[in-house]
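Q: One predicted model, sequence on top.
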Amino acid sequence: MTLAARSVTLARQILPKVQGAELCKFRNARFMTTASTAKPKEKPIIFSGIQPTGQPHLGNYLGAISNWVALQEQAHKDNETLLFSIVDLHAITLPQNPDKLRRERHDMAITLLACGIDPEKCILFEQSRVSGHSELAWILNCVTPVGWLARMTQWKSKLGVTKGIKSIEDVSATDGLNLGLLAYPVLMAADILLYRATKIPVGEDQIQHLELARDIALTFNKVVKKPFFPLPRPMITETKRVMSLRDPSKKMAKSDPSDQTRINLVDTPDIISSKIKRAVTDSIRGISYDRDERPAVANLVEIYAAMNRVSVEDVVKEHADSSNAVFKEALVDVLVSRLKPIQEEMARLDKEDGYVRSVLHFGATRATEMARPNLKEVQKLMGLC
């Protein structure tokens, strides 16, 4: 029985009539009692976030969520404070349907819990429920040069993709691109600095954002003439880069208009089978691994290895003489068997709305308690209190 199941069962034994919001109160009371008796202690702080928009897919699982679960176990062993945030404020840099976003925030929490995130070992919360994120972001906006933001790779790519230009100076050229897209790296810095986090798990494609957060921290410290913010350090994670099933030159992504490009964590066995059978390969006989010469097959081999927890070499050795069709059938079996327990737990948690809400509420409470003194000191240093 999972941690979540045990907690809900215990609640029902003690309070048989408790449902929904009342179950939430029960969980919070138990958590708060634990937190209040713990002695305050300086610990290294780790922060990471994930956007809630779109259906979580295999790339999210192998590239981020599974790393979070492993990091959680190590941080718990090392007595480090670990914050995982569902960064819903970042999601609204692009237009969102309010009802859809509410559901996706809830679904992301369910996904994280089903994949192994344990609220007893980390702080899981929604970013928008801790007002300090947006409050600190505004203060940091006021010390961050616009030129730093205009040089960010993702902003320049938005300009190029949307308008075919590279300059922020032409007002007409940036029509349709909102300030949130330009300034969201400052919010990312605020996410980290609000907790004075010192260890940030990142992939190589996120290093630029962390460098900016360090620059902003240094600038703030210089402005207030006090080394208040520690400089966050990267924890380079072994991020598995899962590529599109239809185009191995592109990452598997929620934003791709074709659902055939990805395996969603909620896909049924029949859908998984259909998508893998239609995945592009090549005409070469046998299974080998070569990212340059056989990128499509290499992508499937990497997915097989990651999901079956074996090396690429072992996969190739086992299936060297298999046809692409036979290998795809074996891959389907691996995916279905590995995703089944996650899907079952997601379905169960979807019926335990009170428990999920209690986890997020208590996480936000703990995060707020950590953030409040830091934000107060920032306000004091800036002359705001």
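A: That came in fine, so what should we check first?

Q: Residue nearest the middle of this protein, spatially speaking?
A: I50 (2.5 Å; Cα atoms, centre = their mean).

Q: okay, that one: pLDDT?
A: We note a pLDDT of 94 for I50 in this prediction.

Q: what's the answer for F327, then?
A: For F327, the model assigns a pLDDT of 97.

Q: neighbours of it, just the number please.
A: Around F327 sit 22 other residues, with neighbours defined as other Cβ atoms under 10 Å. Just so you know, the C-beta spots here come from the backbone N, C-alpha and C atoms, and that holds for glycine as well.

Q: I'd like the next helix or strand past the helix or strand it falls within.
A: For F327, the host element (DSSP states H and E) is helix 324-350. Scanning forward in sequence from helix 324-350 by DSSP H and E, the next helix or strand is helix 353-381.

Q: And that next one, what's buried?
A: Across helix 353-381, burial judged by 16 or more other Cβ atoms under 10 Å covers 353-367, 370-371, 374-375, 378, 381.

Q: Next: stretch 89-109.
A: Neighbour counts over stretch 89-109 (16+ other Cβ under 10 Å) mark 89-91, 93, 104-109 as buried.

Q: for the residues you listed, which one is nearest V326?
A: D107 (34.8 Å; Cβ to Cβ).

Q: From I342, how far out is the closest one?
A: In this view, D107 and I342 are 13 Å apart by Cβ to Cβ, to the nearest Å.

Q: show me where pLDDT drops low in the stretch 151-300 of the chain?
A: Judged by pLDDT under 70, the stretch 151-300 of the chain has its weakly predicted residues at 156-176, 238-239.

Q: at 80 instead, please
A: Within the stretch 151-300 of the chain, the ranges that satisfy pLDDT under 80 run 153-177, 203-205, 236-240.

Q: Please enumerate the strands of it.
A: Listed in chain order, the strands of the stretch 151-300 of the chain (DSSP state E, counting those that start in this stretch) span 199-202, 233-236.

Q: most tightly surrounded among those strands?
A: strand 199-202 (a mean of 20; mean count of other Cβ atoms under 10 Å).

Q: Count residues in the vicinity of M152, would you?
A: 17.

Q: Could you measure from it over to L181?
A: Distance from M152 to L181, by Cβ to Cβ: 10 Å.

Q: G49 too?
A: For G49, the distance to L181 (Cβ to Cβ) stands at 17 Å.

Q: Check K277 too.
A: K277 sits 38 Å away from L181, going by Cβ to Cβ.

Q: which one of the two has more residues nearby?
A: More neighbours surround L181 than the other of K277 and L181, with 19 against 13 (other Cβ under 10 Å).

Q: Find the nearest non-adjacent residue to the more buried one, please.
A: Residue nearest to L181 in three dimensions, not counting chain neighbours: T93, with 5.2 Å by Cβ to Cβ, 6 or more residues apart in numbering.

Q: Can you list phi and psi of that neighbour for me?
A: Main-chain torsions, T93, degrees, to the nearest 10: phi -70, psi -20.

Q: and it, how far is that from A137?
A: 12 Å.

Q: Next: V266.
A: V266 is 33 Å from A137, by Cβ to Cβ.

Q: Between those two, tell me which one has more neighbours.
A: Neighbour totals were compared for V266 and A137, and A137 leads with 22 against 16 (other Cβ under 10 Å).

Q: now the angle between helix 353-381 and the host helix or strand of the more buried one, please.
A: Applying DSSP H and E as the criterion places A137 in helix 132-141. Relative orientation of helix 132-141 versus helix 353-381 (axes from the mean of the first three to the mean of the last three Cα atoms, to 10 degrees): 30 degrees.

Q: So for helix 132-141, what gets flagged as buried?
A: The neighbour-count check on helix 132-141 (16+ other Cβ under 10 Å) flags 132-133, 135-137, 139-141 as buried.

Q: And for S131, nearest residue in space, chain neighbours not counted?
A: Closest to S131 by Cβ to Cβ, 6+ apart is T368, at 7.9 Å.

Q: Quick check, I192 in contact with I200.
A: Yes: I192 is within contact range of I200, at 6.0 Å (criterion: Cβ atoms under 8 Å).
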